[in-house]
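Novice: Sharing a sequence plus its predicted fold:
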Amino acid sequence: WTRVWSTDPLQHSQSNFKITNKIPPSLSAMKQLRELSRMTFSRVLQCHTRHAHLGSYYATFIPKEDPWCPCGESTQTWEHVLTECPLFEDHQHLLGDGEDRQMCHLLGTAKGIGRLAQFIKASAVFTKLSTT
């Protein structure tokens, strides 16, 4: 299956998960994931699947939920949270700079996953906000 994965031309071009397909499949989780708490691990996994508590997810899958960012941005997107949202600016340095902050690096490299996990843990991002 690792040979099939590495030689399949579609695995890098047709999947919604293509940005995470830089890391070959394995029978065990990488060290960066094994060391995470259950809460942080689940949020990293939600980033991989694009199913996180985020306005852009709500706009697509749960239209009755408000897609606005609590900071006032009209739609809370991955890019907004990771690069410009003032609610998370105290922790955005954990993601790195420039290209290191792009989703393909944060989800497609071991170092990026480690940085994303640190950001998630420190900022509590992608946590469902209570509406009561």
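Specialist: Okay, I see it.
Novice: Sketch out the low-pLDDT regions of this structure for me.
Specialist: The model of the chain has pLDDT under 70 over residues 1, 5, 8-22, 129-132.
Novice: would you list every one of the helices in it?
Specialist: 2-7, 31-34, 38-49, 55-61, 78-79, 103-108, 110-123 (DSSP state H).
Novice: Would you mind saying which of those lies nearest Cys71?
Specialist: The closest of the helices of the chain to Cys71 is helix 55-61. By Cβ to Cβ, the value is 10.8 Å. For glycine as for every other residue, the C-beta is placed from the backbone atoms N, C-alpha and C.
Novice: And the contacts of that closest one?
Specialist: 50-51, 65-69, 75-78 (Cβ atoms under 8 Å, 6 or more residues apart in numbering).
Novice: buried stuff in it?
Specialist: Buried positions in helix 55-61, judged by neighbour count with 16 or more other Cβ atoms under 10 Å: 55-59.
Novice: And the residues you listed, which is closest to Leu87?
Specialist: Each of the buried residues of helix 55-61 was scored against Leu87 by Cβ to Cβ, and Gly55 proved nearest at 12.4 Å.
Novice: CA atoms of stretch 106-118 as CSV?
Specialist: Once non-C-alpha atoms are left out, stretch 106-118 reads as follows in CSV (Å, rounded to 0.1, in the frame of the first residue of the first chain):
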residue,chain,number,x,y,z
LEU,A,106,1.0,22.8,8.9
LEU,A,107,-0.8,19.6,7.8
GLY,A,108,1.7,18.1,5.4
THR,A,109,4.9,18.0,7.4
ALA,A,110,5.9,16.7,10.8
LYS,A,111,7.3,20.0,12.0
GLY,A,112,4.1,21.8,10.8
ILE,A,113,1.9,19.4,12.6
GLY,A,114,3.9,20.0,15.8
ARG,A,115,3.5,23.8,15.3
LEU,A,116,-0.2,23.5,14.6
ALA,A,117,-0.7,21.3,17.7
GLN,A,118,1.2,23.9,19.9
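Novice: heads up, I number from 479, so please use that
Specialist: With the count now opening at 479, the last piece we talked about shows up as stretch 584-596.
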